[in-house]
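Colleague: One predicted model, sequence on top.
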Amino acid sequence: MNYFLLLAGTLFLYMTAFFLVSLIKKRNDVADVAWGIGFVMLAWVSFFLSPETELRHIIICALVSVWGIRLAGHVYTRNKGKEEDYRYLKWREKWGRWFYLRSYFQVYILQGALLYIIVLPVLFINKEAGGSFEILDFIGVFVWCIGFFFESVGDAQLAKFLENPKNKGKLMTQGLWRYTRHPNYFGEALLWWGVWIISFSVTESIWLLVSPIVITFLVLKVSGIPMLEKKMAEHPDFDDYKKRTSVFVPLPPKNKY
């Protein structure tokens, strides 16, 4: 069977399985856990389907695994013991009797399609024999590390802030959040630009740019920043924070805190 079709079919079964889990758990936010693990699953399936094993293959799978497992664990811990994420609760009310059908296609299948597009550079890296490490590989890994730092540290700082009872009702404006209102989203987009740079050392197909462009577009315009900014806007201190702090790319704050 065709390499890419086999991987697409594997992903289809994976997302369908998580949809069934959501029916059992009666919460659609399990899709957020499926997101990170889905990348890890496809990375390693494509690795074992590859006719050759190179250092680059192992490194890219390791990078995806570190990112995906950390993200899935973070989301699981964040949601554990709480009610379903507010986004899915709204859809549950809005979609009414069409909820299950729309959930399957608009949450799980659509998310699977986007996941497949974003992970394409990894699939190409594992499919091709690219030879020894080149300067682009080192640059890509470096960019990935910066992105992973912003995402993981940003998430950790926010989690620690929220755990402190003294911060109840306050807006997070410390640490990396002092330089960007969304360090975790910035980091997630940046690390996938790093993955694309690594893939460019294997195949110079410019169309693989669709991967980092799609994830950047998603966090900037669709399911990431817009939804969170709308929620943050309800906080009385948000307008002041918004004026001082960059929305995405980390920059020095315009005024001192």
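Modeller: Nice, I can see it.

Colleague: just the helices in the chain please.
Modeller: For the chain, the helices defined by DSSP state H occupy 3-25, 30-49, 55-79, 86-95, 99-102, 110-127, 135-163, 183-200, 210-217, 225-232, 238-244.

Colleague: Pipe those into JSON lines and attach mean neighbour count per row.
Modeller: From N, CA and C alone the C-beta is placed, and that goes for glycine too. Compiled in JSON lines, the helices of the chain are given as follows (neighbours: other CB atoms under 10 Å):
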{"stretch": "helix 3-25", "mean neighbour count": "15"}
{"stretch": "helix 30-49", "mean neighbour count": "20"}
{"stretch": "helix 55-79", "mean neighbour count": "18"}
{"stretch": "helix 86-95", "mean neighbour count": "14"}
{"stretch": "helix 99-102", "mean neighbour count": "13"}
{"stretch": "helix 110-127", "mean neighbour count": "21"}
{"stretch": "helix 135-163", "mean neighbour count": "17"}
{"stretch": "helix 183-200", "mean neighbour count": "24"}
{"stretch": "helix 210-217", "mean neighbour count": "19"}
{"stretch": "helix 225-232", "mean neighbour count": "14"}
{"stretch": "helix 238-244", "mean neighbour count": "14"}
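
Colleague: Can you flag the weakest of these by average pLDDT?
Modeller: Lowest mean pLDDT of those: helix 86-95, a mean of 83.

Colleague: now that one, how far from the centre of its chain.
Modeller: Offset of helix 86-95 from its chain centre (CA atoms, centre = their mean, to the nearest Å): 21 Å.

Colleague: and if you look at stretch 99-118?
Modeller: 15 Å.

Colleague: Okay, now it: how far is its last residue from its first?
Modeller: 27 Å (CA to CA, to the nearest Å).

Colleague: again, but for stretch 205-225
Modeller: Stretch 205-225 end-to-end distance (CA to CA) = 30 Å.

Colleague: quick check: domain ranges of the protein?
Modeller: For the chain, automatic domain parsing gives the domain ranges 1-131, 133-257.

Colleague: I'd like the distance between the closest residue to Ser152 other than its chain neighbours and Phe99.
Modeller: In this structure, Ser152 finds its nearest non-sequential neighbour in Arg70, 6.0 Å apart by CB to CB, 6 or more residues apart in numbering. Distance, Arg70 to Phe99, using CB to CB, to the nearest Å: 31 Å.

Colleague: Same check on Ala129?
Modeller: Here the criterion is CB to CB. By it, Ala129 lies 47 Å from Phe99.

Colleague: Counting neighbours, what do you get for Lys80?
Modeller: Counted with other CB atoms under 10 Å, the neighbours of Lys80 add up to 7.

Colleague: Got phi/psi on it?
Modeller: Phi and psi for Lys80, reported as degrees, to the nearest 10, are phi -60, psi 130.

Colleague: what's the spacing between Gly68 and Met232?
Modeller: 26 Å.

Colleague: Please disregard the earlier target; I meant Glu83.
Modeller: Separation of Glu83 from Met232 (CB to CB): 20 Å.

Colleague: same thing with Val66?
Modeller: Applying CB to CB, the value for Val66 to Met232 is 29 Å.

Colleague: and what of Phe12?
Modeller: 35 Å.

Colleague: Over to Leu7?
Modeller: Using CB to CB, we find Leu7 at a distance of 37 Å from Met232.

Colleague: same thing with Val64?
Modeller: Taking CB to CB, one finds Val64 at 30 Å from Met232.

Colleague: same check, this time on Ile125
Modeller: In terms of CB to CB, Ile125 sits 37 Å off from Met232.

Colleague: Equivalent analysis for Ile197, please.
Modeller: Distance from Ile197 to Met232, by CB to CB: 32 Å.

Colleague: Over to Gly169?
Modeller: Counting by CB to CB, the separation of Gly169 from Met232 is 13 Å.

Colleague: So Gly140 sits against Ile198, correct?
Modeller: Yes: when contacts are counted by CB atoms under 8 Å, Gly140 is listed as touching Ile198 (3.5 Å).
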